[in-house]
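S.K.: Test case, fold it:
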Amino acid sequence: NGSYLVYKEEGAYYYRFELNDYNPQYALVIDPVLSYSTYLGGSDWDEGYGITVDSAGNAYVTGWTSSIDFPLQNPLQGVKVGYSDVFVTKLSASGNTPIYSTYLGGSNSESGEGIAVDSAGNAYVTGYTWSPDFPTQNPFQGSYAGGGDAFVTKLSEPVTLKVLRPNGGEKWKAGFKYTIRWEAPLNSYKFTLRYSTDNKRTWTTIKTVLASNRCTSDGTKYTCRYGWTVPAQDGRKPQSFVRVIARDSANQLIGRDDSNKAFVIEVLKLISPNGGETLTAGQTYQIKWETYALTKPVAEVRLQYSTNGGSSWSNITTLTGNPGQYNWTVPNTPSNNCKVKVILKDSTGATIASDVSDRVFTITQ
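M.R.: Below you'll find the predicted structure:
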């Protein structure tokens with residue numbers, strides 16, 4: 001047991017803890033500890049009236065707001081409609097990340113007074129409303145009776161915008177067509193698709209598309225597709241990402257999502273030897289490679305091979321132009337740790353792209 005003391009000494013204020021007897025052999029823990037504390041509001045008046053916590057430590061808060069810029073995240077209702085609207089906000093267990101935050105209200109005034117949550121993460125909110133157009137869904141009472149009515153609203157965990165493909169690890173060929181896929185909330189109206197080839201430092205717009213043209217609904221979410229022809233590149237792009245930005249019919253931002261991890265845009269692929277082959281010294285073997293859409297012409301191709309898994313390389317030949325194949329007389333350099341490398345050069349001698357056998361192959365006598 002103990003107490004918290006604030007005192008003044010020589011014109012300055014101090015605080016300290018005063019303790020009764022305790023065993024100094026054990027760690028002294030003084031409660032409470034401030035785990036987190038945060039503002040939650042916009043530029044006008046905001047008040048919180050109800051809070052609950054789920055089994056994971058996420059906090060669910062409700063109250064009312066007069067702010068047109070109350071902080072939102074994956075909102076069910078993205079705009080304040082009346083003088084004051086209910087807000088419902090779910091915060092992560094650490095308190096520093098909003099999982100969702102939404103307005104809830106009609107054209108007059110309302111307030112959220114209490115909130116509860118079930119084991120599935122559904123939030124149950126109650127309060128009062130003066131609005132004849134308060135949002136209803138499957139209502140027990142479908143119309144406003146007057147004089148201020150209570151409301152009861154169940155909010156499920158919201159569907160969030162989510163890029164499904166490409167989502168990391170894919171290898172897409174420049175100049176080829178692939179399908180970008182994503183999921184989105186049903187209040188999405190349009191999407192802006194972008195891509196980056198420099199690890200998200202810069203972005204290029206692919207297209208802005210309407211949900212009505214690109215999405216199908218299962219009643220809970222949109223599943224959307226867009227056929228994208230990957231543009232020509234000036235070299236291999238191993239740090240590529242796709243971004244989808246969703247907006248509602250009022251052009252309010254719903255959310256954005258990027259590929260979880262980088263995918264690769266390929267401009268060159270060594271076809272053979274690509275691993276697992278057994279070649280015999282002296283035989284003629286056809287090295288093959290494919291080149292995809294490039295923004296600059298290939299002036300020459302350099303072919304090399306390694307007998308130590310790529311630690312060092314020996315020249316095979318240099319070819320003018322880009323024939324895509326070469327008949328190689330296999331050298332008498334027996335090894336089970338061989339690879340071939342293809343290097344594309346432009347007219348200045350700069351490397352455009354290169355590729356190496358995915359796995360080792362064998363040269364025997």
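S.K.: list the helices and strands the helix or strand where residue 163 lies packs on?
M.R.: Here residue 163 sits within strand 162-165, counting by DSSP states H and E. The contact analysis (3 or more Cβ pairs under 8 Å, 6 or more residues apart in numbering; DSSP states H and E) places strand 162-165 against strand 177-184, strand 237-247, strand 253-258. Using the backbone N, CA and C atoms, a C-beta is placed for each residue, glycine as well.
S.K.: Now render the ones you listed as TSV, adding mean pLDDT and mean neighbour count.
M.R.: As requested, the helices and strands packed on strand 162-165 are arranged in TSV below (pLDDT from 0 to 100; neighbours: other Cβ atoms under 10 Å):
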stretch	mean pLDDT	mean neighbour count
strand 177-184	97	18
strand 237-247	97	21
strand 253-258	90	18
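S.K.: now those strands in a markdown table, with distance to residue 127?
M.R.: Formatted as a markdown table, the helices and strands packed on strand 162-165 follow (distance: least, Cβ to Cβ, whole Å):
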| stretch | distance to residue 127 |
| --- | --- |
| strand 177-184 | 29 |
| strand 237-247 | 29 |
| strand 253-258 | 25 |
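S.K.: Quick one: closest of those to residue 212.
M.R.: With Cβ to Cβ, the closest approach to residue 212 among the helices and strands packed on strand 162-165 belongs to strand 177-184: 12.4 Å.
S.K.: Give me the packing partners of the closest one, helices and strands only.
M.R.: strand 162-165, strand 190-196, strand 222-229, strand 237-247.
S.K.: Redo those strands as a markdown table? Include distance to residue 48.
M.R.: Converted to a markdown table, the helices and strands packed on strand 177-184 look like this (distance: least, Cβ to Cβ, whole Å):
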| stretch | distance to residue 48 |
| --- | --- |
| strand 162-165 | 30 |
| strand 190-196 | 33 |
| strand 222-229 | 32 |
| strand 237-247 | 28 |
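S.K.: Contacts for stretch 347-359, please.
M.R.: 234-236, 267-270, 273-276, 289, 294, 296-299, 310, 338-346 (Cβ atoms under 8 Å, 6 or more residues apart in numbering).
S.K.: Please apply the same query to stretch 88-103.
M.R.: 35-38, 40, 56-62, 65, 70-81, 85-87, 104, 112, 115, 123, 125, 155, 157-158.
S.K.: Now which of those residues would you call buried?
M.R.: 40, 58-62, 65, 70-78, 80-81, 85-87, 104, 112, 115, 123, 125, 155, 158 (16 or more other Cβ atoms under 10 Å).
S.K.: Point out the ones among those that are inside strands.
M.R.: With strands taken from DSSP state E, the overlap with those comprises 59-62, 65, 85-87, 104, 112, 115, 123, 125, 155.
S.K.: Can you give me the separation between residue 336 and residue 362?
M.R.: If you measure residue 336 against residue 362 using Cβ to Cβ, to the nearest Å, the figure is 4 Å.
S.K.: Done for today, thanks.
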